[in-house]
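Asker: One predicted model, sequence on top.
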Amino acid sequence: MHPGELGLERQKFILNCLDNPQNKYKVIHLAGTSGKGSTASYLSNLLKNHGFKVGLTVSPHIFDIKERIQINNKNISQKEFVFLLNKIIGAIEKTKESGFGNPTYFEIIVAMFYFAFYHYKVDYAVIETGMGGLMDGTNVVDSENKMAVITRLGLDHTKILGKNISQIAYQKAGIIQKKNSVVSLWQNGKARLVLDKRAKDKETKVLYVKDGVNYKNVHLQKEALIYNYSFQDLILKKLLINTIALYQVENSALALSVLKVISGRNNFNIDKKIVKKTLRNFRFPGRMEVLKIKNSTVIVDGAHNPQKMSALIKSLKFSFPKQKFVFIVAFKQKKEAKRMLEKIIPMASEIILTSFMVNDQDMAAISQNNEKIVKILKSLNFEQYQIVENKELAIKKAVEKSKYVVLTGSLYLRC
């Protein structure tokens, strides 16, 4: 994701060998700490349902590498994946023989999806960054008609992106190129200064989407959320999103605002009935996904950093006031387990520590050692825990103990 000293030059070289497909269609480029995948998926669905052919890439994929090349929200087939890889083999070989050397796995995937979206003649390509923005391998679109989208910013990947919000905002703002349209969620003051400066330097400006202004009056209706939305002259009352995740209100509102800007720029009308139907029918696995197991409600959420965990806890408090939960948790290595546990403990009647190990296709992810997690829990004076390494057994034990269970800490837990 971060080519390091090579910058983006190797990525640009391989794409140049493919005649720069990334500049031959309209690109919507998303960066941020939280909400990229959800916002990208909302937007892809909204565009598709308005009659456009849409390419979508998400990072990371959860179940299948082909999630990284979606056409109208469906993964390409294995046959198509092999076909596309064969189409770019020549460019890979040229890159190997150049002074740049072997392209990385991520650089090859980036080349594949940019080429794929040209091959399939998409109207729009919705591109989620891998990490950061400025030096991310996806940041190679030179066209002025690109749209840059900034989701919620916070502290994550601090060893690479920077130790404070201004440094992280600088990296994320790097996707803003000359005269791009830019839409962002309302950010921390320091982050806004960075975004606004980058936009000014690139001869554009940031349009912000703000809680209480563009989306407000949020309330719960069974297992859905309803809110009022307005942005520019697009006004939608009683929008229903099919989730209890409060953070999806801002993500869906951001996607709608991007749709509004695109419609003005590219001269098409937004159909309010299509918008309402799209949001009502859309479900996102692993984001406050509600499952019924025996007599228990099990909520699955892939929160894997302190910001995402805060958003999960806020949503739980909103939908289940005063309720305590049995939490089943496992964290990927190098993630900030202590800060996430500090947020979980006030709502936990018990914490069951489990584990995961994913080693399939290109994915390799291992959870943190639970003995280390135990030490953290003890340091936080929390004693109501047990270790159940097998996830399925952990879920079985949890639903026997409580009617309300939360499975969280990593998207890989859902695999």
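Answerer: On my side now, so go ahead.
Asker: chain center to the strand or helix carrying E350: distance?
Answerer: Using DSSP states H and E, E350 falls within strand 348-353. Put simply, strand 348-353 sits 27 Å off its chain's centre (C-alpha atoms, centre = their mean, to the nearest Å).
Asker: Give the pairing partners of it; include direction for each.
Answerer: strand 325-329 (parallel), strand 385-387 (parallel) (DSSP bridges).
Asker: residue boundaries of the helices in the stretch 151-300 of the chain?
Answerer: Along the stretch 151-300 of the chain, the stretches classed as helices by DSSP state H, counting those that start in this stretch are 158-161, 165-172, 189-201, 247-266, 272-281.
Asker: Tabulate those helices (CSV), appending mean pLDDT.
Answerer: Listed next are the helices of the stretch 151-300 of the chain as CSV, based on pLDDT from 0 to 100:
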stretch, mean pLDDT
helix 158-161, 58
helix 165-172, 92
helix 189-201, 96
helix 247-266, 97
helix 272-281, 97
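Asker: For those helices, could you give me JSON lines that also reports distance to L84?
Answerer: The way it works is simple: take the backbone N, C-alpha and C, and place the C-beta from them, glycine included. JSON lines is the format used below for the helices of the stretch 151-300 of the chain (distance: least, C-beta to C-beta, whole Å):
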{"stretch": "helix 158-161", "distance to L84": "29"}
{"stretch": "helix 165-172", "distance to L84": "29"}
{"stretch": "helix 189-201", "distance to L84": "33"}
{"stretch": "helix 247-266", "distance to L84": "26"}
{"stretch": "helix 272-281", "distance to L84": "28"}
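Asker: Tell me which of those sits nearest to Q333.
Answerer: Checking the helices of the stretch 151-300 of the chain against Q333 by C-beta to C-beta gives helix 158-161 as the closest, at 13.0 Å.
Asker: Can you give me the pLDDT of the residue sitting furthest away from the middle of the chain?
Answerer: Most distant from the centre of the chain: E97, at 34.7 Å, with distances by C-alpha atoms, centre = their mean. pLDDT, E97: 93.
Asker: Equivalent analysis for the one 4 residues further on, please.
Answerer: G101 carries a pLDDT value of 88.
Asker: cool, and N369?
Answerer: Value for N369, per-residue pLDDT: 91.
Asker: just the one 3 residues further on next, same as before
Answerer: Listed pLDDT for K372 reads 94.
Asker: which non-adjacent residue is nearest it?
Answerer: Nearest non-adjacent residue to K372, counting by C-beta to C-beta, 6 or more residues apart in numbering: A337, 7.7 Å away.
Asker: Quick check, pLDDT for the one you found.
Answerer: 93.
Asker: mind listing what it touches?
Answerer: 331, 368, 372-373, 376 (C-beta atoms under 8 Å, 6 or more residues apart in numbering).
Asker: separation between it and P306?
Answerer: A337 sits 10 Å away from P306, going by C-beta to C-beta, to the nearest Å.
Asker: Name the residues of the one helix or strand A398 maps to that are buried.
Answerer: Per DSSP H and E: A398 is located in helix 391-401. Using 16 or more other C-beta atoms under 10 Å as the test for burial, helix 391-401 gives 391, 394-395, 397-399.
Asker: Could you identify the pair within these that is furthest apart?
Answerer: Taking C-beta to C-beta, no two of the buried residues of helix 391-401 sit farther apart than K391 and V399, at 12.8 Å.
Asker: Domain boundaries for the protein, per the record?
Answerer: The record's domain split for the chain, according to automatic domain parsing, is 4-281, 289-414.
Asker: lowest confidence element among the helices and strands of this protein?
Answerer: Using mean pLDDT, DSSP states H and E, helix 158-161 stands out as the lowest-scoring helix or strand of the chain, at a mean of 58.
Asker: list the contacts for the nearest residue to D64 once chain neighbours are set aside?
Answerer: Nearest non-adjacent residue to D64, counting by C-beta to C-beta, 6+ apart: N75, 6.3 Å away. N75 makes contacts with 64, 66-67, 69, as judged by C-beta under 8 Å, 6+ apart.
Asker: what's across from N75 in the sheet?
Answerer: Assessed by DSSP bridges, N75 has beta-bridge partners Q70.
Asker: Next one: it from G189, what distance?
Answerer: From N75 to G189 the distance is 40 Å (C-beta to C-beta).
Asker: Y227 too?
Answerer: 25 Å.
Asker: quick one: which of these two has more around it?
Answerer: Y227 (20 against 9; other C-beta atoms under 10 Å).
Asker: residue contacts, the more buried one?
Answerer: 215-219, 238-239, 241, 249, 253.
Asker: again, only using 7 Å
Answerer: Each residue near Y227 by C-beta atoms under 7 Å, 6 or more residues apart in numbering is listed here: 215-218, 239, 249.
Asker: just curious, which of the residues you listed is nearest to N86?
Answerer: Among the contacts of Y227, and counting by C-beta to C-beta, the member closest to N86 is V249, at 43.1 Å.
Asker: can I assume the closest one is in contact with N228?
Answerer: No: counting by C-beta atoms under 7 Å, V249 stays clear of N228, with 10.4 Å between them.
Asker: coming back round to it: what is the nearest of the buried residues of helix 391-401 to G35?
Answerer: K391 (25.7 Å).
Asker: Verify the contact between the closest one and M357 for me.
Answerer: No: the criterion here is C-beta under 7 Å, and K391 misses it with M357 at 10.5 Å.
Asker: what sits against K66?
Answerer: K66 neighbours (C-beta under 7 Å, 6+ apart): 75-76, 81.
Asker: And for A255?
Answerer: Shown in contact with A255 (C-beta under 7 Å, 6+ apart): 39, 42-43, 46.
Asker: Show me the residues you listed that map onto strands.
Answerer: Judged by DSSP state E, strands contain none of those.
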